[in-house]
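In: requesting a structural model of the entry that follows:
(chains A and B)
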There are 2 protein chains.
Amino acid sequence: MSDSQQQPADDRDELEGLIGTTDEVVRSIKKAIAENRPEAAAELVKPLHAADVADLFEQLSPDERVALVNILGTDIDPEFFSYLDESVREDVIEEFDTKQLATVVNELDSDDAVDLIEDLDAKEQAELLQAVPPEDRALYEDALRYPEESAGRLMSREVATVPSYWSVGETIDYMRSDADLPSTFYDIYVIGPSYRPIGALPVSRLLRTDRPVAVSEIMNTDLKLIPAVMDQENVAFLFRQYGMVSAPVVDDTGRLLGAITVDDVVHVIDEEAEEDLLALGGVGETDFHASITDTALRRVRWLIVTLINTLIASSVISRFDATIEQIVALAILMPIVAAMGGNAGMQVVTVTVRALAMRDLTAGSNVWRVITKELAVAALNSIVFALIMGTVAAVWFSNVPLGLVLGAAMIFNMMWAGLAGTVIPLTLSRLGMDPAISAGPFLTTTTDVLGFFSFLGLATLVLL
Amino acid sequence: MSDSQQQPADDRDELEGLIGTTDEVVRSIKKAIAENRPEAAAELVKPLHAADVADLFEQLSPDERVALVNILGTDIDPEFFSYLDESVREDVIEEFDTKQLATVVNELDSDDAVDLIEDLDAKEQAELLQAVPPEDRALYEDALRYPEESAGRLMSREVATVPSYWSVGETIDYMRSDADLPSTFYDIYVIGPSYRPIGALPVSRLLRTDRPVAVSEIMNTDLKLIPAVMDQENVAFLFRQYGMVSAPVVDDTGRLLGAITVDDVVHVIDEEAEEDLLALGGVGETDFHASITDTALRRVRWLIVTLINTLIASSVISRFDATIEQIVALAILMPIVAAMGGNAGMQVVTVTVRALAMRDLTAGSNVWRVITKELAVAALNSIVFALIMGTVAAVWFSNVPLGLVLGAAMIFNMMWAGLAGTVIPLTLSRLGMDPAISAGPFLTTTTDVLGFFSFLGLATLVLL
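Out: Residues are numbered from 1 along each chain as shown, chains lettered A, B, ... in the order given. A predicted model of the protein is given here:
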C-alpha cells in the first residue's frame, strides 16, 4: 500500500499552479468579504474555473457564501452549479430568485439543468418550470418523469445523429451547418428506421475517413443501448466494464432519447463508491458540508443500532454474572473474543460488499467458492490467534484451562465471522437491501453475542 | 438511501442482453471445459467482448483458467489482458511463453502494454523486453522509469498533434493521411516551440469549423499540463474536478510526452475508492480473487492490530478487577461505553477520510470549523444517548448512581471520539501516512481504553 499513501506535502506541490483555489486565494477572498471590499473579492473570483468557484464556496462559512453570492450576482458561470456539493447548493440557490435561476438553467446543458431542478422543493420547481421557455419546460418535465438516479435523469438530450445512408462528407457538412448539437461530443449516432440507433461513429474516426465513404461502413455496431429507466449504478457498471466514453439512451420501443457521456458517469462512480464507504462507516450520506443538527440527526440511526446491539450483548453477559463474580479474569478477557470476531468479520463483509458492488459476486456459480474460501481463511487465522491468545491468557492468569476456553471461543467466533461475513451481505443483497448499510451492524451483533456467549458459557461449564 | 439500494433481481433484468457473461453462459463454458469439449468452449467464448472474457476468467477456478487459456491460445483478444483483475492476470500470464506475450503486447495501446509489463517479475520483464521490436522496447523502458501509479505509467504515447500555424483543413487532411495516431482520440493538441502543448482542440469542434479557420483561433488555451511524475491520485482529482476527457502529459521542460484519457482515469478512481473502502474495513488490498493462504496472510496485519488494541484494553480492565468483583453490573455495562465511543468515532473517521481523499479538507482554513462542528455533533448525540442508557442502567440494576456513572462515561468517551475522529486522520495525513489504513485502529484503541478507564475509574471513585 505504500505506493498509494497520501503525502499531502507532495500533493500540494504537485497540484500547485493546476488548481485555482489555493489556500492563499481562499484566504484573500475571505479577507475581502470580511473587510467589505466587494470589487476586490469579485476580482479574485473572476479568473477561477467554475469548478474552483464551487470548491471555494464549499470552504466558506454560510454567511460568507451569502455575501459572495450577492457580490457575484449573475456574473457566476452557470456551470458553477453543476460542480457544487448538494448541501451547499441548497444554501446558494436560496439566494437566487426564480428569474435568475431560470437564466442559469437556460445556459446549462439539459442534463446539468435537470440535476439542478430535481433538487428543488416542489413549489420552487413549479415556479422555475413556469419561468423557462415552454419547449424547455416540456423537456425538463419529461426528464423528471424518470426515476431519480436513472439513465433518463443522467442523459443529455442534445445528441449528434445522422441517417445511415449518409456519407462521411454529408455528415461533416451537416455538422458544420447545424447549430443544435451538444457543445462537445465524442460519438455520432447512426439512426435507422423509427429513430432507432443502429451504430456509433467515434468523431475521430469520422475525421480520419475520406468524404465519399458511407457512415454505415465505418460505424461500430456493437452498441450498448441504455434504457432510460436503468439505474445509474448499472449505467456506471456498463461504462466501466466496456471502457465506454458515451452511450445512447433509448425508450422502451428502442427510440433514441439522448446520450450519456463518461464525465457524468465519473460523478456516479464517485457517488456510488462514497455511498458504500460511508455506509460501511455508519454514515448514511455525506454530511461533511451539512449543518451540526443535520449531521447529528443523520448519525443517530447508526448509534441506535449500536446501542441495541450492545444492549443485547450486555443481556447475554448478565446471564453469566455469577460466573464473572467468581472469575473476574473472564470480564478482563471477554472483549478480546468479541473484538477479534467482529473485526475478522468486518474484513469479510468489506470484501464481499465491494465484490457485490463490482458485480464480481452475482453469479450463483462462485458463491460457494467464496464461502468455502472465507471459511478456510477464518480457520487458518483463528487457529493462529487462538494459540497466541490462549497462551497469553494461560500465562497471565496462571490458568491453563482458562487459556483453552479462550482459544476455543476465539476459534468458534472467528469461524462464525468468516461464514456470516459472506452470508449476511449476500442474503441482504438477495432480499433487495443494501448490504453496505446493514451487513456491518448485523454481523457485529452476532459476533458480540456469540463471542460473549461462547466464552462465558464454556467458562461456566469448564472452569466452575 | 433507499434510492441507491441494491436490488439484484431488478439489476439482472436491467443488464440482461447488455452483458455477455450471464450465469448461463458461464455455466455452459464450465460444463464444456469439464466435459473436455474444447471446440464447444471456444465457440461460446468467441462472441464475447474482451471485458466479458476477463469477467468469465475471474469466475473460473484456477484449473479451469489454465484449461481455457490452452483452449483459446492466441485467439484471445489482447485487450482481454487490460480488463483482467491483477491477481487473476498473474495466473493467466504464466501459461503464456515470452513469444506469445510479445505478440499480445505488440497489439495493445502503449498504456495498456505498460500496465501489463509492469506486473511481471524482473526476469520475465527482461525476457519480454528482449522479444519486442527495439523501438517499442525503448518506449516501454522509458515508461517503466516513471514511478508506479504516476501519470507517466498511465499515459498513452500515441497523441494527435498539429502545429499552431495550421488551418482546420490542413489538420483534417493530415489526420486522414497519417497512420500513427491513437485508435480513438477526443482532443488534438496544438504544439508550440520546443514541442510544448499550447492548446487543445476537441475533435467535435474541429469537425464543426470551416476548413480555412486557423486551429489557434478555435483551440482551448486553459490547458492542465500534467507532469509525467504526478501521482495518479492527483491526475484523477484533476479529471474529476474539471470534468476533463483527456489531458496532455509533459516532461519537466514542458515537452509533450503523451496523453491520458478519461477511461484510464475511471480505473484509477475505482482503485482509489476501493483502497479507501478496504483500508477502512481492515483489508490491505483487494483479495477477492487471491488464494486462501494469500488472503489469510494479508488479513493478519489488521488482526494483530486488533489483538494489541484489545490486550491494552484488557490490561486497563484488569486494574479494576477488585471493583468488578464487587459490582458485576460494571462488566455487563462496560462494552456499551466502548462500543458507542468506537462507533461514533468511526463515523467521524469515515467522513474525514473521505473529505481528505476528495481534497475537501486540505485548506488550513476549514480544519478548525470541522473540528468544532464534530465536537458540537458529539455533544448533542452523547447527551441524548447518555440520558437513554443512564436511565436504562439505573432501572435495570435499581441503582441511580450507576446510571449517572454510565452516562458521564458515555459523554466523555463520545466527545473524545468526535475530537479524535477528526484529529487522528488529519494528523496521520500531515505525517504522510494513509489515514484510511491507520486512523480506525488508532481511534478504537483510544475509545476502548478511555471508555473502560473512565467508566470503571469513575465507578471505583463513586460507587465503592
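In: where does pLDDT dip in the stretch 201-350 of chain A?
Out: A:286 (pLDDT under 70).
In: so where do the helices sit in it?
Out: A:203-207, A:215-218, A:232-242, A:262-280, A:292-318, A:321-326, A:329-357 (DSSP state H, counting those that start in this stretch).
In: which secondary structure elements does the fifth one contact?
Out: Just to be clear, that refers to helix A:292-318. Packing partners of helix A:292-318 (3 or more C-beta pairs under 8 Å, 6 or more residues apart in numbering or on different chains; DSSP states H and E): helix A:435-463, helix B:329-357, helix B:367-396. The C-beta positions use only the backbone N, C-alpha and C, and glycine is treated the same way.
In: right, so the helices of the stretch 201-350 of chain A: which one is the most enclosed?
Out: Comparing these on average neighbours per residue, with mean count of other C-beta atoms under 10 Å in any protein chain shown, the densest one is helix A:329-357 at a mean of 27.
In: that one and chain B in contact?
Out: Yes - among the residues of helix A:329-357, A:329-336, A:338-340, A:343-344, A:346-347, A:349-351, A:354-357 lie within reach of chain B under C-beta under 8 Å from any C-beta of the partner chain.
In: how about stretch A:69-78?
Out: No - for stretch A:69-78, no contact with chain B is found by C-beta under 8 Å from any C-beta; the gap never falls below 12.7 Å.
In: can you check stretch A:161-169 too?
Out: No - remark: stretch A:161-169 sits outside contact range of chain B, by C-beta under 8 Å from any C-beta, the gap being at least 9.9 Å.
In: list the buried residues in that stretch.
Out: For stretch A:161-169, burial by neighbour count (16 or more other C-beta atoms under 10 Å in any protein chain shown) applies to A:161-162, A:166-168.
In: can you count the residues close to A:Leu431?
Out: Number of residues near A:Leu431 (other C-beta atoms under 10 Å in any protein chain shown) recorded here: 12.
In: before we move on, what about A:Gln125?
Out: Count around A:Gln125 with other C-beta under 10 Å applied: 16.
In: so which elements touch the helix or strand containing it?
Out: Secondary structure assignment for A:Gln125, by DSSP states H and E: helix A:122-131. Counting contacts by 3+ C-beta pairs under 8 Å, 6+ apart, helix A:122-131 packs against helix A:98-107, helix A:110-117, helix A:134-145.
In: recalculate using a threshold of 6 Å.
Out: Under the contact criterion of 3 or more C-beta pairs under 6 Å, 6 or more residues apart in numbering or on different chains; DSSP states H and E, helix A:122-131 touches helix A:98-107.
In: any idea how far apart the tips of stretch A:113-133 sit?
Out: Taking C-alpha to C-alpha, to the nearest Å, stretch A:113-133 runs 13 Å from one end to the other.
In: show me the domain layout of chain A.
Out: Recorded structural domains for chain A (assignment: automatic domain parsing) are A:16-151, A:161-262, A:292-463.
In: what about the shortest one, start to end distance?
Out: One end of domain A:161-262 to the other measures 18 Å (C-alpha to C-alpha).
In: repeat that for the first one.
Out: Separation of the first and last residues of domain A:16-151 by C-alpha to C-alpha is 36 Å.
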